[in-house]
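>>> fold the following and give me the result.
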Amino acid sequence: MLQRSSKKFPSVDIGQNVLIRIPDVDRGRVAPRNVMAVLGTPSGVLDKLYARNKFQTAEHNFIEIDNVPSEQLTLRTAAAVDSQSKQGFVKCECKKNCENKRCNCLKKLVKCNSKCHSSSSCRNK
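The predicted model follows:
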């Protein structure tokens, strides 16, 4: 079992670039699915340790280890800082119709979805 794991996930050298998958909840619609990282991102060092099966090695070097700031940050923060889209899931939780600018979805010109409210009526679907 250990041999199979070692074959599937070879060891990674210090300073080698890797890709980490960002959960869909933390990622905008246009944002990339991966964060480029050495031992951190261009924004800082990730605050958690990741098991070898949580990342993959990158084919090219995008960042040098000297260019990684020592500031610690979460994967969610790194994804938001490195993303160009600055979008995420918007939900409104309105109690009625979603017809004025109090509705977060209407304010951001987005249609309401299943994450907003399921049972109440909505004019923004």
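>>> residues making contact with stretch 100-109?
90-92, 94, 98-99, 111-113, 116, 124 (CB atoms under 8 Å, 6 or more residues apart in numbering). All C-beta atoms are positioned from the backbone trio N, CA, C, and that covers glycine.
>>> make CSV out of those residues and add distance to residue 80 and pLDDT.
Formatted as CSV, the contacts of stretch 100-109 follow (distance: CB to CB, whole Å; pLDDT from 0 to 100):
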residue, distance to residue 80, pLDDT
90, 14, 74
91, 17, 79
92, 21, 84
94, 25, 84
98, 26, 85
99, 31, 83
111, 23, 85
112, 23, 85
113, 21, 81
116, 22, 81
124, 26, 80
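>>> need the buried ones from these selected in ChimeraX.
Restricted to buried positions by 16 or more other CB atoms under 10 Å, the ChimeraX selection for the contacts of stretch 100-109 reads:
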select :90,92,94,98,112,116,124
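>>> redo the contacts of stretch 100-109 as a markdown table? Include secondary structure and distance to residue 15.
Output for the contacts of stretch 100-109, formatted as a markdown table (DSSP: H, G, I helix; E, B strand; the rest coil; distance: CB to CB, whole Å):
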| residue | secondary structure | distance to residue 15 |
| --- | --- | --- |
| 90 | coil | 39 |
| 91 | coil | 40 |
| 92 | coil | 45 |
| 94 | coil | 50 |
| 98 | coil | 50 |
| 99 | coil | 55 |
| 111 | coil | 45 |
| 112 | coil | 46 |
| 113 | coil | 42 |
| 116 | coil | 44 |
| 124 | coil | 49 |
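>>> okay, now the domains of this protein?
2-82, 89-125 (automatic domain parsing).
>>> return the distance of the first one from the chain's centre.
It refers to domain 2-82. Taking the mean of its C-alpha atoms, domain 2-82 sits 11 Å from the chain's own mean (CA atoms, centre = their mean, to the nearest Å).
>>> where's residue 110 relative to residue 94, distance?
Applying CB to CB, to the nearest Å, the value for residue 110 to residue 94 is 13 Å.
>>> typo on my end, residue 77
Residue 77 is 29 Å from residue 94, by CB to CB.
>>> swap in residue 71?
Distance from residue 71 to residue 94, by CB to CB: 38 Å.
>>> kindly tell me how buried the residue nearest to residue 42 when sequence neighbours are not counted is, as a neighbour count.
In space, and not counting its chain neighbours, residue 42 is closest to residue 63: 5.8 Å by CB to CB, 6 or more residues apart in numbering. For residue 63, the neighbour count with other CB atoms under 10 Å is 16.
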